[in-house]
Every structure is written in structure tokens, then in C-alpha cells.
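Engineer: sequence and predicted structure, then a few things I'm wondering about:
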Amino acid sequence: MKIAVCVKEVPDTTAEKRIDPSTFRLVRTEGDRMLNEFDKYAVEEAIRLKEAGTADEVILVSLGPEKAVESLRQALAMGADRLVLVSDPAAAGSDYLGTARALAKAIDETGAELVLLGAEATDARSGVLTATLGEISGRTWVTSANSIAVNGSSITIERQSDDGVATVEAPLPAVVSVTKAINEPRYPSLKGIMGAKKKPQEVKSLGDIGLAASDVGEAGAKTKVVGVETPPARTAGVVVTDEGNGAQQILDFLIDKKLI
Amino acid sequence: MSGILVVAEPQGTGTRRVSLEILSKARELKDSIGGPLTAVIAGSGVADAAAVLGAHGAEKVFVADHEALGTGLAAPHVDVIATLHAENDFSTILFGGTSLGRDTAAALAARLGAGLNSDSIDLVASGSTLSAVRPAFGGQNLVSSQWVNGPQIALVRPNSFAASESGGTAEVVAVTLDISDASLAAKVTGRKPAEAGKVSLEEASMIVSGGRGLGAPENFAVVEALASALGAAVGASRAAVDAGWYPHPNQVGQTGKTVSPNLYIACGISGAVQHKVGMQTSDVIIAINKDPDAPIFQFADFGLVGDLFEILPKLTELVNARKG
Ligand SMILES: Cc1cc2nc3c(=O)[nH]c(=O)nc-3n(C[C@H](O)[C@H](O)[C@H](O)COP(=O)(O)OP(=O)(O)OC[C@H]3O[C@@H](n4cnc5c(N)ncnc54)[C@H](O)[C@@H]3O)c2cc1C
Ligand SMILES: Nc1ncnc2c1ncn2[C@@H]1O[C@H](COP(=O)(O)O)[C@@H](O)[C@H]1O
């Protein structure tokens, strides 16, 4: 069985982020990009399934600028076998629909039966791609897996929801997003890092995967940003040192704010 | 295109509060973007919830009752709403940003080829055009986003609007169910429900959070005691979660949940930027930390420099005494 893992390059979480006021796009600068933290859990799970003999190949699939290869190589260093990156100037400004269309095409070409995703991308923070990709690609989809067991032609998932944990059985092929509870992602070994550069890293254009420019990018987007504002930063309020009556001071503050 | 559909989510015999918050806001939007204001509640044994939706402004409530709608899996919900949309051609479809809401909205929008504005914290109507206001990049920017064509589908972050009653009653219509086999392919075969009475973090109106300053897992008891006195949910920093002191779903921050409660009390949390981005839209932030230079004091409304182990038990007692 082949497993495809959707991985995304995102801006460094600690870097100052800025939206270009003329294009409404994120300004990407050198040295402030990384592999999306949540995706490491999906990569780790795929590698474990390969190590357990359940899967024979782990293929990373991504949509992003060509330079993203540098961040995504970290997932190759962890142990994934190869990378397919869809990169095309016409894909810039894709919304979740365009992203899902491009990923679905690239995944179809890999022949993967199981598709894993992270819970969220730390830049967009929407966590909607799993359902979108499942719907677009016509595969059964399940979000928020705390564990995944493959049994022949189906999978069993412990699924986290707002109401607790449920055991879910789903047929393959399937699209599944994982939570952070699923595993502890490994750090790439030195050997892994050295070997990553030599692993296949294919860059495909929209034409290569059979998508028209009108399906993705800004042309295909169904939402449009019409304004950007920078809200005033939160400022410090009162800071007092506890001299025994700190708890009372908090209570008074809560009463004053009508919170109690 | 006609009217607004609010997709309500059942909880117990009623609905989640976020559904009522959105309905209250939708009453206001209806005057600009046009009514009627319709709600749908889909679940297993949910007929009783229709009344509260009417009381919050829904003129019509569709009720879809089916076992497969009560599993937490969204695919069957997508079929129900897609069918309703095919019959009613809503201009706008609004969902609460819960795990079920997120999944349903995303798959529905994909099926309809429609735009989705997720994590909206405000909805602004100008004439018949709606804009969703969404924080971007950890709240450093607020973007206004519109839709290229309809329906205008949005996910709304809990606690963005106040729930208020309109005093109305709704016409209740049972939905004829048409759930495809594909949407029933994933099945729930077992469940461990969350502890009864516990509010989910994203919906909580008050949160008491603990960090590395708690020192040990058993010390979360002091945080839980205050939370229970206030009726608040319990959150945790990543340091506390990574140490195994508190479960993953309770983590607040960039790689945890984003919350906007009325009150956030951070106990023994330094206030790193990755924590801040998950809670900075809280109305009121209180911080308790023994280090006067902790970054959290730079953005807390009320900061108390002191030992949380002395302060929290006293505060819990005071809150309990006041509440009688
Ligand atoms: C990619 C990435 C993603 C991240 N995502 C998140 C995230 O989602 N959420 C998150 O929280 N963090 C996240 N972090 C981690 C973040 O950078 C901080 O390391 C973390 O928030 C620190 O947690 P803390 O405040 O509990 O611990 P510390 O920074 O160690 O702070 C503990 C505080 O407790 C105080 N203290 C100790 N004892 C007491 C006492 N008795 N009474 C009162 N105060 C006391 C100390 O003065 C100190 O300020 C992320 C980091 C990275 C790199
Ligand atoms: N451009 C992309 N390329 C590959 N995978 C992506 C991309 N965007 C999102 N994903 C995947 O979808 C998950 C959820 O992202 P999102 O719905 O955007 O928050 C991420 O954790 C990734 O696994």
C-alpha cells in the first residue's frame, strides 16, 4: 500500500508576518519558512506504517512555490520516500478549493490508497482541507485521528471530536487528518538529513497534472480578500504584586468587569 | 438566491450556544442581505431543539432526525444541507466553528464549488453583500473577505456574537432524508463520551489555563478547582501538554486551539508568542505569574505577580463564597 502525505511549507511561527497591502498576499521573505508543525505528525504516522510493513511507500504531496522544497525536505529527512510538489505561477492565490483540486490530481497519480494530512496549517489555521480533499477526490474522509490501524481494505480510527472519542471504521481508499495525540514525531537523523537531498523531488506544473489555470489560483478562488487591517496590539493593563491580598484584588477586578 | 440558513448543532436536548449566537447576528444581517431566516438542526433525537432556535429568531426550522446524523461524522450532514440548498437556494449559509461545523462546511462548499470563509469573527453586511472578518497570521492582521459567487458560506468562531432571544416561534418542518451510501461509508462502532457538563474549550466563555509553572500534573487540581468555581473550561500551554500534564485537546495556542472567551486566566504561563496567538482575542486576560518580567504581563489586562499556589486556592474560595 502507498501512503500520500500532504505537507505544506508555512512561515516560521515566530517571524513577524505581513500582508502586502496591494496584492493582499502574504509577503514571503528569505529564511522564515518551515514545514508545517502539524504535518510532522502525519509524516511520522506514515513512516511508522511503513516500518510496520503495512505500507511500502510514503509519498509527500504539496502545492506551493518551488522553493518550498527546502522546507519539505525535512519530511524526507524524517523518512518519507519521495516528494511531488505542484508548483506553478498560476496556482498562486489558491483558496482551499484550488488547493484541494491540485492535491487530488497529484495524489491520484501516485496511486496512494491512504492519504494523511495534518490537522491544520499554522498560517491559514482553517483545518478545512481534509473534508474538501475528501469531497473533491471522492474518497471517504475522516478528520482528527488519535490513532490509525490498517486492516486489509479498511481502517480503524480513534477519532477526537468536541464530544469525546469515537471508534470509526472506514473503507480504503481514504483521506484522514491526524491530531497531535497520535504520535511523537522523530527528529531527522544526520544520515536522514544527508540522504534527503538524493531522494526524488519532482516539481510538476498545473499542465503536468492536467489542471487548467482557471481551476486554481486566484482565477479559481471563490473568496476574495477586499481589505486588510492591522488591529491595535493588546497593551499591558495593571500589574500588581501579591502582598497577601492578590486573590481579593482579582475578585474585585472580576466584579468590576461584571464577569462574576 | 433567498435567505440565510443557519446550521445549528445539537448538544444534549438543545443546541450549542454558538448556533444561537450566529442566529442572533443573522437577525440583524437579514435586514440588509434579505430573509427569510431559516435554521436547520440535524442529529439523532433533536426535534426538541427547534423551539430554542425559533426563540432566537429562526422563522423556519428544518429538523433532520437520523441515527447517522448523531455520530459526529459530517458526511451525512453534508447530504442533508446540500439537499436543502438545492430546494431553497440560500444566499448565505452560516456554521459555528466546531469540529462538526468545520467538516460539514468544508465538504459542502467543495460539493457546491462555493467559497468558504472560515474562522470569521465578524460578519458585516453592506447592502446585499456580506463580508467576513477573519484574523490572519496569528491576529497580526484582520482581513475582510467576500465571496465570488453564492452561496456565501462562513464558519463563525464561537463567542464572536452575543446570543439574544427574539421571542419568536418557528415553523417546524421535518426534512425528508436522502443520505447517500458514500456518506455512510465511515461508521462509528464505539464511543467514549467526553465528561458530562464539560464545555468545549473553543466555546467556553471563561477559561482558566495552566502552564509549566504548575510544576506537576497533579497540581492542575488548583486550576481545575478555580475553573469549576467559575464554571470555566480548563486550558493548558504547550509546555504543560508536552510534559504530559494535561491532554492535547486542551492546548491553547498556535499548535493548539484558538479561543476567544470573555475571560482568560493564565496561571504559570510565560506568554510566549505561540501561546498568545491562541488567546489574544479574549475579552479580558488575567495573568498570575511569579516572574514580574514574564511577557504575559505585556498584554494582560490584570497581572498579578505572585505564587499561583498561594493565590489560586484563595481565589477559588472567594469565588465560591461570592456565588454562595
Ligand atoms: C512551532 C511551535 C508551536 C508552538 N505552539 C504552542 C502552542 O500552541 N501553545 C503554547 O502554549 N505554546 C506553543 N509553543 C511553545 C511556546 O513557545 C512556549 O514554549 C510555551 O508556551 C511555554 O509554556 P509555559 O508558558 O507554560 O512555560 P514557560 O515558558 O516555562 O513559563 C512558565 C511560567 O510559569 C511561571 N511560574 C513558575 N512557577 C510559578 C508559580 N509557582 N506561580 C506563578 N508562576 C509560576 C514562570 O515564571 C514562567 O513565566 C510552540 C512553539 C513552537 C516552536
Ligand atoms: N498547499 C498545501 N500543500 C499540501 N498540503 C496542504 C496544503 N495546504 C494544506 N495542506 C494540508 O492540509 C492540512 C490542513 O490545512 P488547512 O485546512 O489549510 O488548515 C495541512 O496540515 C496539510 O496537511
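Structural biologist: The structure has been received and is ready for your questions. Ligands and ions are numbered 1, 2, ... in the order given.
Engineer: for the closest residue to ligand 2 within the stretch 201-324 of chain B, which non-adjacent residue is closest in space?
Structural biologist: Ranking the residues of the stretch 201-324 of chain B by distance to ligand 2 (CB to the nearest ligand atom) places residue B:255 first, at 10.8 Å. Using the backbone N, CA and C atoms, a C-beta is placed for each residue, glycine as well. Leaving out its chain neighbours, the residue that sits closest to residue B:255 by CB to CB, 6 or more residues apart in numbering or on different chains is residue A:37, at 5.1 Å.
Engineer: list the contacts for the one you found?
Structural biologist: A:13, A:118, A:122, B:254-255 (CB atoms under 8 Å, 6 or more residues apart in numbering or on different chains).
Engineer: can you give the contact residues for stretch A:221-232?
Structural biologist: Contacting residues not belonging to stretch A:221-232 are listed as A:19, A:21, A:24, A:93-95, A:97-98, B:109, B:113-117, B:131, B:136, B:139-149 [CB under 8 Å, 6+ apart].
Engineer: tell me which helix or strand residue A:247 sits in.
Structural biologist: helix A:246-256 (DSSP states H and E).
Engineer: ok, residue A:237 touching residue B:298?
Structural biologist: No. Here residue A:237 does not reach residue B:298: they are 9.8 Å apart, not a contact under CB atoms under 8 Å.
Engineer: what's the closest of the contacts of residue A:37 to residue B:191?
Structural biologist: Using CB to CB, the shortest approach to residue B:191 within the contacts of residue A:37 belongs to residue A:118, at 24.8 Å.
Engineer: contacts only, for the closest one.
Structural biologist: A:6-8, A:36-42, A:177-178.
Engineer: hmm, 6 Å instead?
Structural biologist: A:36, A:38-39, A:42 (CB atoms under 6 Å, 6 or more residues apart in numbering or on different chains).
Engineer: next, count neighbours for residue A:50.
Structural biologist: When neighbours are counted by other CB atoms under 10 Å in any protein chain shown, residue A:50 registers 19.
Engineer: pretty sure it contacts residue A:59?
Structural biologist: No. Checked against CB atoms under 6 Å, the pair residue A:50 and residue A:59 is beyond contact range at 10.8 Å.
Engineer: now do the SS call for the nearest residue to residue B:125 once chain neighbours are set aside.
Structural biologist: Closest residue in space to residue B:125, ignoring its immediate chain neighbours: residue B:32 at 3.7 Å, by CB to CB, 6+ apart. Per DSSP: H, G, I helix; E, B strand; the rest coil, the secondary structure class of residue B:32 is helix.
Engineer: secondary structure class for residue B:280?
Structural biologist: coil.
Engineer: same deal with residue A:227?
Structural biologist: strand.
Engineer: returning to that earlier point: just the buried residues out of the contacts of residue A:37, in ChimeraX syntax.
Structural biologist: In ChimeraX, a selection of the buried entries from the contacts of residue A:37 looks like this (16 or more other CB atoms under 10 Å in any protein chain shown):
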select /A:13,118,122 /B:254,255
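Engineer: give me the residue from the stretch 1-150 of chain A nearest ligand 2.
Structural biologist: residue A:118 (2.6 Å).
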